[in-house]
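> Just the structure for this:
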Amino acid sequence: MNQHTTTLLVIGGGPGGYIAAIRAGQLGIPTTLVEAGELGGTCLNVGCIPSKALIHAADEFEKASHYASGSALGISVQAPRIDIGQTVLWKDGIVGRLTSGVAALLKKSGVRVVKGWANIVDGKTVEVVRDGESPQRIGCEHLLLATGSHATELPFMPFGGPVINATEALSPRTIPGQLVVVGAGYIGLELGITYAKLGAQVHVVEAQERILPAYDTDLTRPVANALKGLGIETHLGCSVLGLDGQGAAVRVRNAAGEESALAADQVLVAVGRRPNTRGFGLEKLRIDMDGHYIKVDDQCRTSMRDVWAIGDVTGEPMLAHRAMAQGEMVVEIISGKRRHFTPAAIAAVCFTDPEVVVVGLTPQQARAQGVACVDAVFPFAANGRAMSLESKDGFVRVVARSDNHLILGWQAVGKAVSELSAAFGQSIEMGATLEDVAGTIHAHPTLGEAIQEAALRALGHALHI
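Numbers count the residues shown, from 1 in each chain. Next up is the predicted model:
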């Protein structure tokens, strides 16, 4: 058996794992990263990046289709067609360039990458198995678990045949005539909207009484209106019972107990994700768990000395940028720096059309915590840049303490508001007040002006409303 030792051994080459390994290499920490699949993990290969590529392609196709029916801009085109095979090739090209870039960065940082499936022997030893090769055993001083998560499967409607998960939905061979999406969270709606723009008739089934149940109704209302405009039918407060006998429809029961069937060429199940905690010997460590997740402290330490965990395997929020920040922190602690994972806020972005961004506390959350707060909304209908983008729906909302005007949260819904998330997060992280934002000169004409105007309105003197 091949053997070698290292200071840091990272299991998982997703955003958290590869960032940790790169930073460790920069700090001079001998590092080995083990990955069974492609570098970049779910995010780069079958999640964040390819979904945004497909969303963009669908947006462009829908725009061209709109122009085929005439436009106030004076643009007219012939009815467009899409070669979905070419679209997938283009998307895969982006993924390929990014994953090869990660490999190059790891090599540049001196990280040893071992391809294969990791199996934990103990807290200091991992055995890696790869088909057709002899196993190799790797000893380490520090073990970092960055194993990520996987799509949740419904036991009565397992993946296979017409039932697909998000990974399969991102590489379609054809666009189904009828698609039923189970789950109206961000994954289900992002892909449901994408497929509707590409020509599918989409039905969305959600057990709760509204779409995007993690967000408040003011934020989700513009998204619900957009779904109607795309012809997407939502079935809220409904439970899925499974496929019919022919496998050509989804059986649904509403709150009144009435059952119906939704015809489906494909069924996309998007009901959440679960941490990857099985299949690599985690149970041998006997570390403390928090439900399905690995329990960690504010330095991402587990209950076992020199065993660390980051990212989705440690719980919500399951966000790539959270995992990246945790990974960077862990290796800096190993190098001797003093760090704790105590972000003031982590942005959550939903890439629906329109997009939704939430950073920090909503008014409801602040008041539930007993904080006296002031909040204000500035609508994009009063923003010149939004008008020029033909996207007046939506708004920016700010939440601040009533006493000292310290900003506690930002929310926005509208076209391209994901690009405002950096400004939102930075203002909270730096302890900005309403006066700080209101007194900052914002470029005109931009969507960002709505940030300043929201702060001004919270202070009682918005200029453009």
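> any idea how far residue 347 is from the residue nearest the centre of the chain?
Residue closest to the mean C-alpha point of the chain, counted by Cα atoms, centre = their mean, is residue 319 at 5.4 Å. In this structure, residue 319 and residue 347 are separated by 8 Å, where distance is defined by Cβ to Cβ, to the nearest Å. Heads up, the C-betas are built off the backbone N, CA and C, glycines and all.
> can you check residue 7 too?
Spatial separation of residue 7 from residue 347 under the definition Cβ to Cβ is 33 Å.
> if you count what's nearby, which of those two comes out ahead?
A direct count of neighbours by other Cβ atoms under 10 Å for residue 7 and residue 347 places residue 347 higher, at 22 against 16.
> what about the helices in the stretch 251-400 of the chain?
Listed in chain order, the helices found in the stretch 251-400 of the chain under DSSP state H, counting those that start in this stretch are 320-334, 363-368, 384-388.
> Not counting its own residues, what contacts the longest helix belonging to the chain?
Criterion DSSP state H: the longest helix present in the chain is helix 84-108. By Cβ atoms under 8 Å, 6 or more residues apart in numbering, the surrounding residues in contact with helix 84-108 are 13, 18, 21-22, 25, 33, 38-40, 44-45, 49-50, 53-54, 57, 113, 170-175, 198.
> quick one, domains of this protein?
For the chain, the domain assignment from the TED database gives the residue ranges 4-49+86-150+274-335, 163-271, 347-459.
> Nearest to residue 62 among those domains would be which one?
The stretch from these with the least distance to residue 62 (Cβ to Cβ) is domain 163-271; that distance is 3.9 Å.
> quick one on the thing from earlier: just checking, next helix/strand downstream of the longest helix of the chain?
Under the assignment DSSP states H and E, the closest C-terminal helix or strand after helix 84-108 is strand 112-115.
> Please name every helix or strand in contact with that next one.
In this structure, strand 112-115 packs against strand 31-35, helix 84-108, with contacts taken as 3 or more Cβ pairs under 8 Å, 6 or more residues apart in numbering; DSSP states H and E.
> which parts of the longest one are buried?
What it means is helix 84-108. Buried residues in helix 84-108, counted by 16 or more other Cβ atoms under 10 Å: 84, 87, 88, 91, 95, 98, 99, 102, 103, 105, 106.
> show me the contacts for residue 301.
The contact partners of residue 301, taken as Cβ under 8 Å, 6+ apart, are 307, 308.
> what pairs with it across the strands?
Beta-bridge partners recorded for residue 301 (DSSP bridges): residue 308.
> Read off the pLDDT value for it.
Residue 301 is assigned 98 on the pLDDT scale.
> Reformat the helices and strands packed on strand 112-115 as TSV; add mean pLDDT and distance to residue 414.
Converted to TSV, these look like this (pLDDT from 0 to 100; distance: least, Cβ to Cβ, whole Å):
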stretch	mean pLDDT	distance to residue 414
strand 31-35	98	38
helix 84-108	97	25
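> Need the ones you listed in JSON lines (columns: distance to residue 368).
Formatted as JSON lines, the helices and strands packed on strand 112-115 follow (distance: least, Cβ to Cβ, whole Å):
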{"stretch": "strand 31-35", "distance to residue 368": "41"}
{"stretch": "helix 84-108", "distance to residue 368": "40"}
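> nearest to residue 303, of these?
Using Cβ to Cβ as the measure, strand 31-35 is the one of those that comes nearest residue 303, at 22.2 Å.
> tell me which strands and helices the closest one is in contact with?
For strand 31-35, the helices and strands in contact under the criterion 3+ Cβ pairs under 8 Å, 6+ apart are strand 2-11, helix 15-26, strand 112-115, strand 136-145.
> for those, which one sits closest to residue 410?
When the helices and strands packed on strand 31-35 are ranked by distance to residue 410, counting by Cβ to Cβ, first place goes to helix 15-26 at 23.5 Å.
> How far off centre is that closest one?
Centroid separation for helix 15-26 versus its chain: 20 Å, with Cα atoms, centre = their mean, to the nearest Å.
> For that helix, which helices and strands make contact with it?
Under the contact criterion of 3+ Cβ pairs under 8 Å, 6+ apart, helix 15-26 touches strand 2-11, strand 31-35, helix 41-46, helix 84-108, helix 320-334.
> Please identify the buried residues of stretch 332-347?
When burial is assessed from 16+ other Cβ under 10 Å, stretch 332-347 yields the following buried residues: 332, 333, 334, 335, 339, 341, 345, 346, 347.
> Out of these, the closest to residue 375 would be?
Proximity to residue 375 was ranked across the buried residues of stretch 332-347 by Cβ to Cβ; first place goes to residue 345, at 15.4 Å.
> and the closest one, what is it in contact with?
Going by Cβ under 8 Å, 6+ apart, residue 345 touches 359, 360, 409, 424, 425, 428, 429.
> So the residue lying closest to residue 281 once chain neighbours are set aside versus residue 284, what's the distance?
Computed as Cβ to Cβ, 6 or more residues apart in numbering, the closest residue to residue 281 that is not its neighbour in sequence is residue 120, at 3.5 Å. Distance of residue 120 to residue 284, given as Cβ to Cβ: 5 Å.
> So for residue 132, what's the pLDDT?
Residue 132 carries a pLDDT value of 80.
> hmm, back to that, and of the buried residues of stretch 332-347, the nearest to residue 378?
residue 347 (18.7 Å).
> Tell me which residues touch the closest one, please.
321, 357, 358, 359, 421, 422, 424, 425 are the contacts of residue 347 under Cβ under 8 Å, 6+ apart.
> thought the first one was touching residue 349?
No: under the criterion of Cβ atoms under 8 Å, residue 321 makes no contact with residue 349, lying 9.4 Å away.
> And the helices and strands packed on strand 112-115: which comes nearest residue 397?
When the helices and strands packed on strand 112-115 are ranked by distance to residue 397, counting by Cβ to Cβ, first place goes to helix 84-108 at 32.9 Å.
> That closest one: how far from the chain's middle?
Relative to the mean C-alpha coordinate of its chain, helix 84-108 is positioned 19 Å out (Cα atoms, centre = their mean).
> Over to stretch 426-441?
Using Cα atoms, centre = their mean, we find the averaged C-alpha position of stretch 426-441 to lie 26 Å away from the chain's own average C-alpha position.
> Repeat that for stretch 457-465.
Taking the mean of its C-alpha atoms, stretch 457-465 sits 33 Å from the chain's own mean (Cα atoms, centre = their mean).
> what does that stretch contact?
Outside of stretch 457-465, the residues within contact range by Cβ under 8 Å, 6+ apart are 374-379, 382-383, 398, 400, 405, 434-435, 438, 453-454, 456.
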